[in-house]
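Trainee: the sequence and its predicted three-dimensional model are supplied below.
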Amino acid sequence: MRAAKKETTAKENDLITTFEVQMEMLSRGVKMENIDFNKSLSTKFLIEIDEHGNKILYPPFNVIDSLGETAAESIVDARKVQQFSSVQDLKNRTQITQTQMKIFEDLKIVDSLSNDEQLAFEF
């Protein structure tokens, strides 16, 4: 019995290009990181070279579905004033919605931020 051929969808075809670009990046020594509240820009990718000479690419905030340029700019503008100290601080000083915050949580972008403004002491 022969397996039926599966036709690829448009979304799958688009992913092929994404995977090809990712393979090319890896072959050139470029590593992609997650969005970073301390580094990512609102609408442009950022490339940095770390202390070991590795190239690191940070995606912009607006690559997230439903996060428009205005919300992305609000994050960068608030960060210019002061780094975010917590998830609550992020919510208070930017224009992101609860839905967008949920996406940040699902993508583990907020993992570097504490949940509240309480001081933590490490002994």
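Mentor: Yep, that arrived.
Trainee: avg pLDDT for stretch 34-53?
Mentor: Mean pLDDT, stretch 34-53: 92.
Trainee: what is the end-to-end distance of it?
Mentor: 19 Å (CA to CA, to the nearest Å).
Trainee: which outside residues touch it?
Mentor: Residues outside stretch 34-53 that contact it (CB atoms under 8 Å, 6 or more residues apart in numbering) are 30, 55-64, 69, 72-73, 75-76, 79, 83-84, 90, 107-110, 112-113. (Glycine included, C-beta is placed from N, CA and C.)
Trainee: how far is that stretch from where the chain is centred?
Mentor: Centre-to-centre, stretch 34-53 and its host chain are 10 Å apart (CA atoms, centre = their mean, to the nearest Å).
Trainee: what do you get for stretch 46-61?
Mentor: The chain centre lies 13 Å from the centre of stretch 46-61; the measure is CA atoms, centre = their mean.
Trainee: check which residues of that stretch are buried.
Mentor: 58-61 (16 or more other CB atoms under 10 Å).
Trainee: these in strands, which ones?
Mentor: Members of the buried residues of stretch 46-61 lying in strands (criterion: DSSP state E): Y58.
Trainee: let me have the buried residues of stretch 46-61 in JSON lines, adding distance to Q100 and pLDDT as columns.
Mentor: Shown next, in JSON lines, are the buried residues of stretch 46-61 (distance: CB to CB, whole Å; pLDDT from 0 to 100):
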{"residue": "Y58", "distance to Q100": "18", "pLDDT": "93"}
{"residue": "P59", "distance to Q100": "15", "pLDDT": "92"}
{"residue": "P60", "distance to Q100": "14", "pLDDT": "94"}
{"residue": "F61", "distance to Q100": "9", "pLDDT": "93"}
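Trainee: format the buried residues of stretch 46-61 as a markdown table; extra columns: distance to Q22.
Mentor: Shown next, in a markdown table, are these (distance: CB to CB, whole Å):
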| residue | distance to Q22 |
| --- | --- |
| Y58 | 15 |
| P59 | 12 |
| P60 | 17 |
| F61 | 20 |
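Trainee: widest-spaced pair of the buried residues of stretch 46-61?
Mentor: Y58 and F61 (10.0 Å; CB to CB).
Trainee: show me what the longest helix along the chain is packed against.
Mentor: Ranked by residue count and defined by DSSP state H, the top helix of the chain is helix 10-27. For helix 10-27, the elements it packs on are strand 30-32, judged by 3 or more CB pairs under 8 Å, 6 or more residues apart in numbering; DSSP states H and E.
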